[in-house]
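>>> When you get a sec, could you give me coordinates for this:
(chains A and B)
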Amino acid sequence: MNEMMRQSLPDYQIQTPDPWAALPVNAESREKLWSKSRTFVGDVWFRFRSKFTSIFGFILIVLVLLFALVGPYFATFTYSEQNLDFVNTPPVFRAINCSGGYFYITDKLKVLEIDAQGHLVGKVESIAEDYEKKQVTLSYQGGEIIMDYSQSPYTMLDENGERIEEAKHIWNRTYLLGSDNLGRDMLARLMFGARVSLLVAVVAALTNLVIGVLFGSISAYCGGMVDAVMMRIVDVINTVPLTLYVILIMVVLDAGLLSIILALGTVYWVNMARVVRGEILSLKERDFVLASRTLGSSTATILFRHLIPNAMGPILVTLTMLIPSAIFMEAFLSFIGLGLTAPLASLGTMCNDALATLRTSPYQLFEPALLICILMFGFNFVGDGLRDALDPKLKK
Amino acid sequence: MKKLSFFLLLLILVFSLVLAGCGPTESETQGPEQSEQSGEEAAAPAEDGAAEQSIIFALHNIPNTIDPGITSETYASPILYNAFEGLITYDAENNIIPGNAESWEISEDGLTYTFHLREGLKWSDGSALTANDYLYSWLRVITPETGSLYADQLLPYVVNAQEFYDGTVSAEEVGIQAPDEQTLIVTLKNPTPFFLGLLATYTFYPVQQATVEANGDQWTLSADTYICNGPFKVTEINFNESYVYEKNEHYWNAENVKLEHLTFVFIADQSTALSAFETGEIDGFWEVPSDDLPRLRAESDELVTVASFGTTYHLMNTAVAPFDNMLVRKAFNLAINRQSLIEDVLGTNDPPAYSIVSPGYMVNGVDVTEGRSSYGMSPTGDAEAAQAALAEAGYPNGEGFPVITYYYSTDEVYKKTTEALANMLETTLNIQIELKTADWAVFYEDVQAGEYQIAQMGWGGDYLHPMTFLPLFVTDGVNNYTGYSNPAYDDLVAQLQVCTDQSKEPELIRAAEDTLMADYPFLPLFHRSYSYMMSKDVEGYFRTPLNNLYFREAYVVE
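So this is what the prediction gives:
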């Protein structure tokens, strides 16, 4: 885009009484830009925001960012705080009112006392268990209450020994999204997990930008033998499966976030390098590059001042598309056990931990899976919107 | 990559939608209905005539080999225990009873065992089975070329076995002799009171020389060449799918085998196996998913939980700081809330452990572990005493205590256990613990090399005698990974090793354990129990605390 054209000219007012009369023809009207002139960034932003899904995706990402970065300051628990009395408590209790208190019966047949608002009070101590009748006697406020698990749903017995069939659904106020299999707050762990996922996103973005763009552009601009060798290196890196690569890295380093970041950092830029190379290959044949070279610009100047800025469109698009796949890669690696060390949590490890309790506490898998979905949607929508906004051929 | 992630994303979406569909109320009401249904379905075929004598049992892991002389895998055991029979076997009450051997004599000094085989023993192909087959099979185990993984079941005990393995003596000099077709004489280096029990292990099963020599290591791969001598014979081997058994009419006690067909199918995922069980596709399976245990305990009368002769404990490396200090080890032992670990984290009913020997070995009708001290530990842990011990060790309130690395092998249950324990120790003792994990192979190598501070471990008994546990902590023992060394303890274990008078054993065992636990060289957690599901219609089968599952007396009722 020519700098000249960007300068806005004074508005030209049509002031002839007859709307159908011919316009005065003069030098000014010939050069007049009739549509409103915008800067490059403004133009992209205009087209980006005119698409609903892009804005929606952008808002999703901002919300997840707030959730992950600001959320922990408002949380009651830390991500590693365990309370073994309250393992696997769901977000919504099926509470039974008995002897003046509310009780929730866990999947491990323990009885938890909750208050009317849904705060967990404590575990009710059991005194005796009758295996024949399938009943447990518990001590509560000096008296005794009986839990009956002879038939489902498990419930408490009232004073006459009758099953209390009535149950009230109360939201869990202590652990808003429930607790996991070690009694840790799911909400706090989700916040922490989202942090890890976003950190991976940032690392992936940085390595893509720095290594991928530089590697690709140098390879393309130099061409010839240099190009051939550099691209074969990319091919070699691309043929080693990332999973194998992470395992190899873990032999040297210990398992953990560092290994994953290192693995992603060292190999995750190859796609970007290819995209940039393709773009620069066509750009470097253009006249403005020839002009710059004729004027004696150095290779670095040509690369950084002319070629890379002109390839920014495809770079940004590839970036937003690669970020979700990096997040997913981390989730996948953690999921198969190559990721973080406990008790650190990422969305992937949370999914993995939840598999064992899938039949009894499905919410433990559902919540991190949902957050991964939201993140993926967000980045994919933004990437989609950016691609359209940056593509001059789609300009309306 | 993009395509893959999109596919996975789709999968997760579909998955989460499915999950969103089943709220807690729905699954609660589904439970009993399902199990009633399965009961009806399972009973249905029986109604049109007498019950079919056929059992399908699901296993979750495919063994590498089912060669009894070579394997050491637990996964192979049900396949082997029902296809073969050794000199002795166990009955439902864990008593040693005659198997292929009709009777035996043990010499005064406890060194020479003379076995008299039954008359007319036959292989499943109808050929005669003699003492020479046993001689061949046992020598095969201690021949290095066989590559037996369990050769150490024989090597330390039998005269010249190790020398034969090393190639310094000939086969004739090994302490296994077959003077005639019905007699087998075994000479031991030391009186080994548990040697008879050892003989029930599959390593001591006979294999047929003809088929092994004709087919080499392929003999276990096809039903035609898999010649056995037990209550059942193999009729079909479907790789990665199933082993199909039929009653072996050549078994010496065939008239008392009621079951006609027995099938072991492989179902890798335990949740799938549970579903298959609930719909009546299979009659039983083991390794019940632990998170389903409480539900099944409440709703199903087909869940069986039996004590297993094993102890789960964690190791403390007594050779490195700070665990070279007994008081630190004591503090760790006292700080742990074992009851919470067992009930809340693992969801089992296992008894908490305060020492190494698992209950189960009886002398004169009394369990040797009965009345054993808890060595200052309590089920729920004693925070004050633990803090006091740590203060006495020079770390009041955990001050100055180094950051500890807790090592475990990658596995969901181990992870859960280790995370919970680390948190208990951190909060009670005010110290810092880092977790570290590695694949079992790497982990085990590191532990054997002593490159750890605390590490997860456990031991399942090989034979029903405390001597399967006690050598774990003798100085420089092959399985002593803690670097622990105490001459007094070594001496007591050595005495037990040669003790032929069973009535003296309880006293020695107690003394050994007391000596051991005075030093707290490890972190006992719980004695194992084992859960499995078996249809109500199946009776007569039994399982020993060593996890041997015998179907030879099983039958199906209406």
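>>> Get me the contact residues on the stretch 51-200 of chain B for chain A.
Counting by C-beta under 8 Å from any C-beta of the partner chain, the stretch 51-200 of chain B comes close to chain A at no residue. Placement of C-beta: from N, CA and C, glycine included.
>>> OK, now which residue of the stretch 51-200 of chain B is nearest to chain A?
Closest approach of the stretch 51-200 of chain B to chain A (C-beta to the nearest C-beta) occurs at residue B:60, with a separation of 14.4 Å.
>>> out of everything not next to it in sequence, what's closest to that residue?
Counting by C-beta to C-beta, 6 or more residues apart in numbering or on different chains, residue B:60 lies nearest to residue B:287, which is 5.4 Å off, once chain neighbours are set aside.
>>> Pretty sure the one you found sits against residue B:269.
No - assessed by C-beta atoms under 8 Å, residue B:287 is found out of contact with residue B:269, at 10.5 Å.
>>> thinking again about what came up before, residue contacts, the residue nearest to residue B:60?
Neighbouring residues of residue B:287 by C-beta atoms under 8 Å, 6 or more residues apart in numbering or on different chains: B:60, B:270, B:532.
>>> ok, of these, which one's closest to residue A:46?
Distances from residue A:46 to the contacts of residue B:287, taken as C-beta to C-beta, are shortest for residue B:270 (56.3 Å).
>>> State the number of residues packed around the closest one.
Using other C-beta atoms under 10 Å in any protein chain shown, residue B:270 is surrounded by 18 other residues.
>>> How about it, nearest residue that isn't a chain neighbour?
Leaving aside its sequence neighbours, residue B:270 sits nearest to residue B:289 (C-beta to C-beta, 6+ apart; 4.5 Å).
>>> For residue A:366, see how far away that neighbour is.
Distance, residue B:289 to residue A:366, using C-beta to C-beta, to the nearest Å: 19 Å.
>>> So for the two, which residue has more residues nearby?
Taking other C-beta under 10 Å, residue B:289 and residue A:366 do not tie; residue A:366 has more neighbours (23 against 19).
>>> Show me how far the one helix or strand that one maps to is from its chain's centre.
Counting by DSSP states H and E, the element that carries residue A:366 is helix A:363-390. Centre-to-centre, helix A:363-390 and its host chain are 6 Å apart (C-alpha atoms, centre = their mean, to the nearest Å).
>>> Tell me if it is near chain B.
Yes - judged by C-beta under 8 Å from any C-beta, helix A:363-390 comes into contact with chain B through A:365-366, A:369-370, A:372-373, A:376.
>>> quick check, nearest of those residues to residue B:484?
residue A:365 (42.2 Å).
>>> isn't residue A:385 right up against residue A:56?
No - between residue A:385 and residue A:56 there is no contact under C-beta under 8 Å: 9.1 Å.
>>> Can you pick out the residue with more neighbours from the two?
Between residue A:385 and residue A:56, counted using other C-beta under 10 Å, residue A:385 has the larger neighbour count: 25 against 14.
>>> any weak-confidence spans in the stretch 51-200 of chain B?
Within the stretch 51-200 of chain B, no stretch has pLDDT under 70.
>>> Next, work out how far apart residue A:55 and residue A:70 are.
Here residue A:55 is placed at a distance of 21 Å from residue A:70 (C-beta to C-beta).
>>> Of those two, which one has the most company?
residue A:55 (15 against 10).
>>> one step back: name the residues contacting each of residue B:287 and residue B:269.
Jointly contacting residue B:287 and residue B:269 under the rule C-beta under 8 Å, 6+ apart are residue B:60.
>>> what's the residue nearest to residue B:270 in contact with, if anything?
Residue B:289 touches A:356, A:359, B:270-271, B:274, counting by C-beta under 8 Å, 6+ apart.
>>> Residues of the stretch 101-250 of chain A that sit close to chain B?
A:107-110, A:134, A:149-154, A:181-183.
>>> which stretches of the stretch 251-396 of chain A have low pLDDT?
Looking at the stretch 251-396 of chain A by pLDDT under 70, you get A:254-255, A:335-337, A:391-396.
>>> all helices of it, in order?
Secondary structure of the stretch 251-396 of chain A (DSSP state H, counting those that start in this stretch): helices located at A:257-267, A:270-283, A:287-294, A:299-301, A:308-310, A:312-335, A:347-355, A:363-390.
>>> circling back: among the contacts of residue B:289, which are located in strands?
If you go by DSSP state E, the contacts of residue B:289 have nothing in strands.
>>> And these, which two are furthest apart?
Greatest spatial distance among the contacts of residue B:289 (C-beta to C-beta): A:356 and B:274, at 12.6 Å.
>>> ok so, going back, take the helices of the stretch 251-396 of chain A and lay them out in CSV including distance to residue A:45.
CSV is the format used below for the helices of the stretch 251-396 of chain A (distance: least, C-beta to C-beta, whole Å):
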stretch, distance to residue A:45
helix A:257-267, 30
helix A:270-283, 22
helix A:287-294, 25
helix A:299-301, 28
helix A:308-310, 17
helix A:312-335, 13
helix A:347-355, 30
helix A:363-390, 8
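>>> Relative to residue A:138, which of these is closest?
Across these, closest to residue A:138 is helix A:363-390 (C-beta to C-beta), at 25.9 Å.
>>> Counting neighbours, which bits of that closest one end up buried?
Residues of helix A:363-390 classed as buried: A:363-372, A:374-390 (neighbour count, 16 or more other C-beta atoms under 10 Å in any protein chain shown).
>>> next one: stretch A:142-155
Residues of stretch A:142-155 classed as buried: A:145-149, A:152-155 (neighbour count, 16+ other C-beta under 10 Å).
>>> Residue B:218: how many residues sit nearby?
By other C-beta under 10 Å, 11 other residues sit near residue B:218.
>>> Could you do residue B:469 as well?
Around residue B:469 there are 25 residues (other C-beta under 10 Å).
>>> That one contacts residue B:358, doesn't it?
Yes - contact criterion C-beta under 8 Å: residue B:469 and residue B:358 qualify, at 6.9 Å.
>>> Which neighbours do those two have in common?
Counting by C-beta under 8 Å, 6+ apart, the common neighbours of residue B:469 and residue B:358 are B:311, B:461.
>>> which residues of the stretch 1-150 of chain A fall in strands?
A:92-98, A:101-105, A:111-114, A:120-123, A:126-130, A:135-140, A:143-148 (DSSP state E, counting those that start in this stretch).
>>> Domain ranges for the chain, per the record?
Looking at chain A here, since you left the chain open. For chain A, the domain assignment from automatic domain parsing gives the residue ranges A:92-171, A:186-394.
>>> I was after chain B.
Domain assignment for chain B, taken from automatic domain parsing, gives B:85-217, B:308-529.
>>> quick revisit: let's have the domains of chain A in TSV, adding distance to residue B:540.
As requested, the domains of chain A are exported to TSV (distance: least, C-beta to C-beta, whole Å):
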stretch	distance to residue B:540
domain A:92-171	24
domain A:186-394	31
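>>> Identify, out of those, the most deeply packed stretch.
Comparing the domains of chain A by mean neighbour count (mean count of other C-beta atoms under 10 Å in any protein chain shown), domain A:186-394 ranks first with a mean of 19.
>>> chain center to that domain: distance?
Put simply, domain A:186-394 sits 13 Å off its chain's centre (C-alpha atoms, centre = their mean).
>>> Then stretch B:100-116?
That offset, for stretch B:100-116, works out to 27 Å (C-alpha atoms, centre = their mean).
>>> End to end on that stretch, go ahead and measure it.
In stretch B:100-116, first residue to last residue: 9 Å (C-alpha to C-alpha, to the nearest Å).
>>> What are the buried residues along it?
Residues B:100-101, B:104, B:106, B:110-116 are the ones in stretch B:100-116 that count as buried (16+ other C-beta under 10 Å).
>>> now the residues you listed as CSV including distance to residue B:128 and secondary structure?
As requested, these are exported to CSV (distance: C-beta to C-beta, whole Å; DSSP: H, G, I helix; E, B strand; the rest coil):
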residue, distance to residue B:128, secondary structure
B:100, 12, coil
B:101, 16, strand
B:104, 20, strand
B:106, 27, strand
B:110, 32, coil
B:111, 30, coil
B:112, 26, strand
B:113, 23, strand
B:114, 21, strand
B:115, 17, strand
B:116, 16, strand
